[in-house]
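>>> sequence plus predicted model, see below.
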Amino acid sequence: MPTGILDTLTPDQRQQLLTWIEIFPIKTVLDRVAAPPPDGFGIKTHITSLRRFCHYAQLEELQELESPAPSPAPELTQRTFETSSRT
C-alpha cells in the first residue's frame, strides 16, 4: 500500500485510522492523525494522503474478498501411507 508516511502505521493504528475515516470528516481525521499520542499518531500528513490510504485499504479488502482461501493440502507422512496401505 504505497501511501508514504502512513506506511509506518502499526496494524492497530491502521484500523484506528480507518475507523476515524468512517465516522469523522476528513479534516477532523487529519487533525487527529497529527495530534500527539495517545490522542493521535503525531504524524503530519495531507488530505490527499488520507484519501489514498483509504483507497488502498478498500482495494486490499476487495482483493481479500475476491481471492478464495487456499484449501489445505493433506499432510502425507510415512505413517499415513502405511496406515492407508493396510486397509
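Happy to help now that I have it. Numbers count the residues shown, from 1 in each chain.
>>> check contacts around residue 51.
Residue 51 makes contacts with residue 26, as judged by Cβ atoms under 8 Å, 6 or more residues apart in numbering. C-beta coordinates here come from the backbone N, C-alpha and C atoms, glycine included.
>>> list the buried ones in the strand or helix carrying it?
Using DSSP states H and E, residue 51 maps to helix 47-66. When burial is assessed from 16 or more other Cβ atoms under 10 Å, helix 47-66 yields the following buried residues: 49, 50, 52, 53, 54, 57.
>>> could you do stretch 11-24 as well?
Of all the residues in stretch 11-24, those buried under the rule 16+ other Cβ under 10 Å are 13, 16, 17, 20, 21.
>>> those residues: which two are farthest apart?
Checked with Cβ to Cβ, the buried residues of stretch 11-24 reach their widest spread between 13 and 21, with 12.5 Å between them.
>>> the closest residue to residue 34 other than its chain neighbours in helix, strand or coil?
With sequence-adjacent residues excluded and distances taken as Cβ to Cβ, 6 or more residues apart in numbering, residue 34 is closest to residue 44, at 5.2 Å. Following DSSP: H, G, I helix; E, B strand; the rest coil, the label given to residue 44 is coil.
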